[in-house]
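**Student:** Model the structure of this input:
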Amino acid sequence: MHGFSLSAACAVAVGTLVASVAVAGPVGDQYRGGAFGLGWNSSKAAIQAKYPGGTWGEDAQGRAQYCVASRQTLLKLPAQHQTKQLCFLLGSDGTLGSVTAHMDASLPALLAVVNRSRTTFGDFDSVRRDDSSIQARSTAMLWTRDAPYVVQVASSNDSSGKPLEVTFTVADEAAIHTDGAERVSHKPPGM
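**Tutor:** Modelled structure (predicted):
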């Protein structure tokens with residue numbers, strides 16, 4: 001058998017199964033190959049070729065970011081909840097690390113994307129809030145169980161609570177979005 005034993009074949013099969021289970025889950029299953037028609041190994045040129053007409057800039061942390069107007073369906077939501085802009089962020093390896101879909105800034109859009117995300121990925125498992133004001137001005141719900149694949153639904157609101165921004169983000173580099181997120185706890189305070 002050319003020096004390959006049955007026990008070695010079983011070890012390879014078990015190793016492959018364990019590796020696939022490590023990223024098995026709804027987020028990993030849906031986004032392992034990439035997002036919005038691009039693979040996670042996409043370069044600047046590939047991103048721009050797929051979505052021409054956008055502009056390159058930097059995000060708040062100085063990472064290269066390409067934003068382009070794009071109306072497309074997200075999570076099989078009805079047409080009134082299509083994306084209006086996509087922003088592609090390059091990760092630490094210089095390839096696609098994250099994609100953020102900007103939605104209409106409305107409470108119906110936020111509720112639609114949150115509810116569909118919970119139905120698709122389960123309940124979120126971490127959250128990041130702006131706690132510097134009496135009423136939080138921004139909130140991000142994150143699904144991190146399938147790291148390095150991460151989904152985030154975020155909103156920022158004005159002082160009356162009206163959404164100023166609603167976004168849906170998917171990443172294959174968890175550290176881009178998980179900084180500052182705390183684990184959600186369903187225990188009463190003080191327990």
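**Student:** Export whichever strand or helix holds residue 115 to CSV, keeping only CA atoms.
**Tutor:** Residue 115 is located in helix 107-121, with elements delineated by DSSP states H and E. Backbone C-alpha positions of helix 107-121 (Å, rounded to 0.1, in the frame of the first residue of the first chain) are rendered in CSV as follows:
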residue,chain,number,x,y,z
LEU,A,107,-35.6,51.6,12.9
PRO,A,108,-37.3,49.2,10.5
ALA,A,109,-34.0,48.5,8.7
LEU,A,110,-32.2,47.9,12.1
LEU,A,111,-35.0,45.6,13.4
ALA,A,112,-35.0,43.7,10.1
VAL,A,113,-31.3,43.0,10.0
VAL,A,114,-31.1,42.2,13.8
ASN,A,115,-34.0,39.8,13.6
ARG,A,116,-32.8,38.1,10.5
SER,A,117,-29.3,37.8,11.9
ARG,A,118,-30.7,36.2,15.1
THR,A,119,-32.8,33.8,13.1
THR,A,120,-29.8,32.9,10.8
PHE,A,121,-26.9,32.9,13.3
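**Student:** and the most centrally placed residue in the chain, what helix or strand is that in?
**Tutor:** Averaging the C-alpha coordinates of the chain gives a centre point, and the residue nearest to it by CA atoms, centre = their mean is residue 170 (1.9 Å). Of the helices and strands defined by DSSP H and E, residue 170 is found in strand 163-171.
**Student:** Would you indicate which residues of that strand are buried?
**Tutor:** Within strand 163-171, the residues that qualify as buried are 163, 166-171, counting by 16 or more other CB atoms under 10 Å. (Glycine included, C-beta is placed from N, CA and C.)
**Student:** ok, now stretch 110-120?
**Tutor:** 110, 112-114, 116-117.
**Student:** was I right about residue 150 contacting residue 140?
**Tutor:** No - under the criterion of CB atoms under 8 Å, residue 150 is not in contact with residue 140, lying 10.6 Å apart.
**Student:** so what sits against both of the two?
**Tutor:** Both residue 150 and residue 140 are contacted by residue 177, under the criterion CB atoms under 8 Å, 6 or more residues apart in numbering.
**Student:** Give me the pLDDT for residue 95.
**Tutor:** The score at residue 95 is 96. That number is its pLDDT.
**Student:** what's the following helix or strand past the strand holding residue 170 in contact with?
**Tutor:** Past strand 163-171, further along toward the C-terminus, the next helix or strand under DSSP H and E is helix 175-178. By CB under 8 Å, 6+ apart, the list of residues contacting helix 175-178 from outside reads 63, 89, 91-92, 97-98, 126, 140, 142, 144, 147, 150, 152, 169, 171.
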